[in-house]
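Engineer: Mind looking at a prediction? Sequence and model below.
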Amino acid sequence: MHPAESCPKISIIMPTYNRACYILETIESIREQTHTNWELIIVDDGSEDNTEELVAQLKDKRIQFYKAGRIGIVGKLKNIGLNKASGNFIAFIDSDDLWATTKLEKQVAALQQYPQAGFCVTGGYNFKNLHEPTEYFYNQREGIKYGNVFISFFESQLAGFTQALMLRRTCIDVAGYFKEAQSYTMNDIEFIAGLSYHFKAVILYEPLIYRRLHNANYITSNWLKSYYEGIEIIEDYKRKKLLPTRVAQNSLFKLYINFGEDCLSHNEYVKAINNFFKAWKNKPFSVVPLKKIIKATLYYFKKSGNRCLLAI
């Protein structure tokens, strides 16, 4: 095998904004990779802390730091990185997350083993305290799956985190870039959905990416908007007849149930009941939404002390 094929160059794209407290730890998890032929393209979204100074102190020629100015659109930041990438493979990492040392090596090996696959995703887990997983991406934590994963994606069997993703650069020409709409929160989900529609994939279930949870997470502060956008993605594929009706209904059912539960956790009782009702409309023979409507109604009465429910 030619050296360039056995150790291909990987372009790692990292958007960042005011992550001085985490970024060096993230970069160190990249520098410790067993696959060493990489470039790290950091696209800074107008950070106001000392992120740039910290990165400059590393003096690593593989690291490129681009000041994009304050854009506030994660999809556009990633597209800037894609346009600057020179590797045959593309990977992404957020500036507060971590990788296992073998993450890149194992994904390259998987894509070389399955040349018809356009991309590869790995398992991983969320954490608040280092080395203390709070939730794994998959119940399965070992093994491999290869094939068409488009339906699996909408059946919640494929994690939608670009931090777990590696793709062939040529996939961009077919699947396209990230969506650049202002304040759009579901860029990663839509991007991976597009990849899974056009290309076969390899799933490595081993947890190789560690996703840090904290109050400054973008998705944490935009949880409501994210659900609405997720619903629109499913509805859009359904309207275009790219997603079977049954799969779309099951996917919407799960999403509305999760949406309702999150609304409950935020004391949004009427929104919760609305979403449980919409879940029931997608699966009218399921008793789960009805039970949750009753639970949410009781919570509402207990919290408000009202005798009658406000208009839903």
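Structural biologist: Cool, got the structure.

Engineer: ok, Lys271 - contacts?
Structural biologist: By Cβ atoms under 8 Å, 6 or more residues apart in numbering, Lys271 lies in contact with Gly260, Cys263. Using the backbone N, CA and C atoms, a C-beta is placed for each residue, glycine as well.

Engineer: Buried residues in the strand or helix carrying it, which are they?
Structural biologist: For Lys271, the enclosing helix or strand under DSSP states H and E is helix 269-282. Within helix 269-282, the residues that count as buried by 16 or more other Cβ atoms under 10 Å are Tyr269, Lys271, Ala272, Ile273, Asn274, Asn275, Phe276, Phe277, Lys278, Ala279, Trp280, Asn282.

Engineer: Roughly how far does the first one sit from Lys291?
Structural biologist: To tie it back to what came earlier, the one meant is Tyr269. 15 Å (Cβ to Cβ, to the nearest Å).

Engineer: can you check the second one too?
Structural biologist: For Lys271, the distance to Lys291 equals 18 Å [Cβ to Cβ].

Engineer: Equivalent analysis for Leu255, please.
Structural biologist: Taking Cβ to Cβ, one finds Leu255 at 18 Å from Lys291.

Engineer: Pick out whichever of the two has more residues nearby.
Structural biologist: Leu255 (21 against 11; other Cβ atoms under 10 Å).

Engineer: residue ranges with poor pLDDT in this structure?
Structural biologist: 1-5, 182-184, 216-221, 305-312 (pLDDT under 70).

Engineer: can you map out the helices along it?
Structural biologist: Using DSSP state H, the helices of the chain run over 3-6, 23-31, 51-56, 74-84, 103-113, 150-154, 171-175, 187-198, 218-221, 223-239, 245-265, 269-282, 288-304.

Engineer: Using TSV, please lay out those helices together with distance to Leu130.
Structural biologist: Listed next are the helices of the chain as TSV, based on distance: least, Cβ to Cβ, whole Å:
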stretch	distance to Leu130
helix 3-6	33
helix 23-31	9
helix 51-56	19
helix 74-84	24
helix 103-113	16
helix 150-154	29
helix 171-175	33
helix 187-198	23
helix 218-221	19
helix 223-239	24
helix 245-265	25
helix 269-282	33
helix 288-304	35
